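K.L.:
Give the three-dimensional model of this entry:
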Amino acid sequence: MDAYPRIVIGADGSPETSLAVEMGAVLGLRLKVPVTVVTVWDGFTNVPDPQSLEWARGISAAAAAVVREVGVADVTTHEPTGSAADVLIDYVDDQPESLLVIGGSSLSSPKDRVVGSVANRLSHHSPADVFFATKRLPASWGAVGLTTDGSSTSRLAVRRGLKLALAVGAAPHLVTVAKDREEGSRLMSAAIGELDLDEPGLQLEQDVLIGLLAAKTLVDNSADYDLLVIGNRGMSGPSRLLGSVANKVTHGLETNLLLVNTTRD
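P.N.:
Residues are numbered from 1 along each chain as shown. Next up is the predicted model:
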């Protein structure tokens, strides 16, 4: 079961992205795929301490050294100029099968949401799946929560998240939210049947979380998972403004998040 063919790491030298570099390196090693470090510089010359090409090369070289030290042999760097979010979106648009890894701590900051952080913009516009790194993982990964509401888009997210979980040796958990156990059992049975998983020897835990508000329930229980996986349905358009489950979870989690772009198979 193949996962992602390449890891793309967004790095700018900040503490937030240093965690993304470490996470991207581990994912590249576990998946046995090439890793590209992208550092964007602004090119302005009329401001103090501008982010120059030399600065970008230094940041990307340091990040690449971390990735190689972990054990990834195929590591490349790229230092384009422009707006970081726009450049990363354009970059993965040419290779949407890749996994983009960036720091995710700013997602839960109301100020950054208003101002428009790079992570916030990517959560709404990235054509590729995005891994938002917010906490370090143990040497041996634990539970990966694959969220489903029974929709066709959530099934796509579950399948893609399952590929990653199995590739890194984590324990996959199928997660659904219901108002009571009876509804939860019905939803879980339907989800299992519709997923039609045929992975030999697959052990898929089934977690029914009880709650009336799906997003709040997922956020409140997210500490139980090293990584939570959710589809990006409702991350753009009117649903985003109304507060979709995916949008609320993306901006409420304090654990690692894999946001799956469900507009592609």
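K.L.:
Give me the pLDDT for S52.
P.N.:
The confidence metric pLDDT takes the value 86 at S52.
K.L.:
Next, it: phi, psi?
P.N.:
Main-chain torsions, S52, degrees, to the nearest 10: phi -90, psi 170.
K.L.:
you'd agree it is up against W41?
P.N.:
Yes - if you go by Cβ atoms under 8 Å, S52 and W41 touch, sitting 6.0 Å apart. Yep, even glycine has a C-beta here, placed from its N, CA and C like the rest.
K.L.:
Who has more neighbours out of the two?
P.N.:
W41 (22 against 16; other Cβ atoms under 10 Å).
K.L.:
Who is that one paired with across the strands?
P.N.:
Following DSSP bridges, W41 is listed with bridge partners T81.
K.L.:
That one touches T81, doesn't it?
P.N.:
Yes - under the criterion of Cβ under 8 Å, W41 makes contact with T81 at 5.3 Å.
K.L.:
Please identify every residue contacting each of the two.
P.N.:
L53, A56 (Cβ atoms under 8 Å, 6 or more residues apart in numbering).
K.L.:
Any idea which residue is closest to the centre of this protein?
P.N.:
For the chain, the residue sitting closest to the mean C-alpha position, by Cα atoms, centre = their mean, is F131 at 2.0 Å.
K.L.:
Contacts only, for the nearest residue to it once chain neighbours are set aside.
P.N.:
Distances taken as Cβ to Cβ, 6 or more residues apart in numbering place V101 nearest to F131, at 4.5 Å, with adjacent residues excluded. Each residue near V101 by Cβ under 8 Å, 6+ apart is listed here: I7, V8, I9, G10, A20, M23, G24, L27, V130, F131, A133.
K.L.:
What of F132?
P.N.:
F132 neighbours (Cβ under 8 Å, 6+ apart): I102, G103, G104, L107, A119, S123, T250, N256, L257, L258, L259.
K.L.:
on that earlier part again, who does the helix or strand hosting the residue nearest to the centre of the chain pair up with?
P.N.:
Element membership for F131 (DSSP states H and E) is strand 129-133. For strand 129-133, the paired strands and their directions (DSSP bridges) are strand 99-103 (parallel), strand 256-260 (antiparallel).
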